[in-house]
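1. sequence first, then the predicted structure, then my questions.
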Amino acid sequence: MTNSYVQGMLGQNERIVLATRQHWFVLFSNILLEILLVVLLVVGVSAAAVVNPLAGFGFVLVLVPLIGMLRDILIWRNREYIVTNRRVIQISGVFSKDVVDSSLEKVNDVKMSQSMFGRMFDYGDVEILTASEMGINLFQRIGDPVKFKTAMLNAKEKLGYEGMSPQAQRDDDIPAQIAELDELRKKGIVTEAEFQAKKKELLAKM
């Protein structure tokens with residue numbers, strides 16, 4: 001889903017955990033009127049062309065809603081919401097880009113709201129409360145908001161573990177570290193391979 005522009009923004013050892021867009025309902029609601037206009041123009045011009053062949057030039061008018069539809073599609077496609085193992089990124093803009101990101105370390109709380117239709121069709125709003133100057137980031141009507149919220153909270157929890165300094169890890173009780181790591185494994189935050197490798201490393205220090 002992500003493009004080379006997004007990949008170029010990632011820092012060293014930073015990786016994308018999840019990327020999503022606004023739900024397709026958003027796109028459909030934006031282009032519905034333009035679709036209707038295209039249909040009406042095609043039917044109207046076709047009927048007029050039967051009587052007067054010169055009326056066929058009226059098909060040029062179809063380009064107006066088609067261009068508007070293309071613009072809405074590009075805007076929707078280029079608005080992305082991305083969770084990495086370090087931050088949450090919101091990108092918008094077709095040619096010029098607007099990028100807003102929040103460090104997972106500064107995320108204080110995450111709120112999600114879904115209407116009845118949102119639950120039926122799997123879309124909703126995710127509000128991120130941060131300790132930064134921006135304060136609140138609101139992602140409206142994104143697809144699969146539960147998965148987005150879960151991915152972000154898991155990445156934040158894993159970041160807290162990975163952010164421990166080697167000295168802090170040595171000072172902590174190694175069995176307790178292994179138990180904590182096992183909990184992360186059970187939650188799916190770290191893989192079995194990561195768990196075994198880290199466990200082996202910790203046991204070697206005993």
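-> Sure, I can see it. Numbering: from 1, shown residues only.
2. can I assume residue 139 sits in a strand?
-> Yes. Counting by DSSP: H, G, I helix; E, B strand; the rest coil, residue 139 is found in a strand.
3. excluding chain neighbours, what is closest to it?
-> Closest residue in space to residue 139, ignoring its immediate chain neighbours: residue 126 at 4.6 Å, by CB to CB, 6 or more residues apart in numbering. C-betas here are computed from N, CA, C, even on glycine.
4. checking that neighbour next. Helix, strand or coil?
-> At residue 126 the chain is in strand, as set by three-state DSSP.
5. ok, then the element right after the longest helix anywhere in the chain?
-> Using DSSP state H to define each element, the chain has its longest helix at helix 24-51. Helices and strands here follow DSSP states H and E; after helix 24-51, the next one along the chain is helix 63-77.
6. flag every buried residue along that next one.
-> If you call a residue buried by 16 or more other CB atoms under 10 Å, then helix 63-77 has these buried ones: 65, 68, 69, 72, 75, 76.
7. so where does the residue nearest the centre of the chain fall, helix or strand?
-> Centroid-nearest residue in the chain: residue 81, 2.6 Å away (criterion: CA atoms, centre = their mean). Using DSSP H and E, residue 81 sits in strand 80-84.
8. point out the other helices and strands that that strand packs with.
-> Of the remaining helices and strands, those touching strand 80-84 by 3 or more CB pairs under 8 Å, 6 or more residues apart in numbering; DSSP states H and E are strand 16-20, strand 87-92, helix 145-162.
9. show me the shaky parts of the protein.
-> Residues of the chain meeting the criterion pLDDT under 70: 1-3, 55-56, 132-135, 160-172, 189, 205-206.
10. show me it divided up by domain.
-> In terms of domains, the chain is parsed into 29-74, 164-206 (source: automatic domain parsing).
11. the closest residue in space to residue 26 that isn't next to it in sequence: neighbour count?
-> Of all residues not flanking residue 26 in the chain, residue 141 sits nearest, at 5.2 Å (CB to CB, 6+ apart). Close neighbours of residue 141, defined as other CB atoms under 10 Å, add up to 18.
12. quick one: residues contacting residue 141.
-> Neighbouring residues of residue 141 by CB atoms under 8 Å, 6 or more residues apart in numbering: 22, 23, 25, 26, 118, 123, 124, 125.
13. mind redoing it with 10 Å?
-> 21-23, 25-26, 29, 114-115, 118, 123-126 (CB atoms under 10 Å, 6 or more residues apart in numbering).
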